[in-house]
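Undergrad: sequence and predicted structure below; questions after.
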Amino acid sequence: MAQTPQQRRANLKFAKENEARMGKSEDQIKKRAKDTPKVPISPIWLGLLGFVVFGGLVVEVFSRFFLGR
C-alpha cells in the first residue's frame, strides 16, 4: 500500500522529532515539553473575538459622538 502525502508528512515529522531526542535523557525531553505550553484558544478565534468586542465599541463611540444622541 502506497503512502499518501499526508502520511508521508506525518512520518517525516515523527522521524524528525525522534532524531532530535536521540542522546538526550528523559528529564531533558520532559523539560523541553513543559517549556512550550499550548495556547487554549487559536489566534484566529482570538482575533475574531477581539474584532467583535472592539469593533462594537468603536461603532458605539462613533454613533454617540458623530450621529447624535
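TA: Arrived safely, thanks for sending.

Undergrad: this structure: helices as residue ranges?
TA: Using DSSP state H, the helices of the chain run over residues 5-21, 26-35, 43-66.

Undergrad: rank those helices by pLDDT, which is bottom?
TA: Ranked by mean pLDDT, these end with helix 26-35 at the bottom, a mean of 68.

Undergrad: adding mean neighbour count, write the helices of the chain out as TSV.
TA: All C-beta atoms are positioned from the backbone trio N, CA, C, and that covers glycine. Conversion of these to TSV gives the following (neighbours: other Cβ atoms under 10 Å):
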stretch	mean neighbour count
helix 5-21	10
helix 26-35	10
helix 43-66	10
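
Undergrad: roughly how far does the residue nearest the centre of the chain sit from Val53?
TA: Using Cα atoms, centre = their mean, the residue of the chain that lies closest to the mean C-alpha position is Ser42, 4.8 Å off. Computed with Cβ to Cβ, to the nearest Å, the distance linking Ser42 and Val53 is 17 Å.

Undergrad: likewise for Ser63?
TA: Ser63 sits 16 Å away from Val53, going by Cβ to Cβ.

Undergrad: likewise for Lys24?
TA: For Lys24, the distance to Val53 - Cβ to Cβ - is 44 Å.

Undergrad: ok, Gln3 next?
TA: Taken as Cβ to Cβ, the spacing of Gln3 relative to Val53 amounts to 45 Å.
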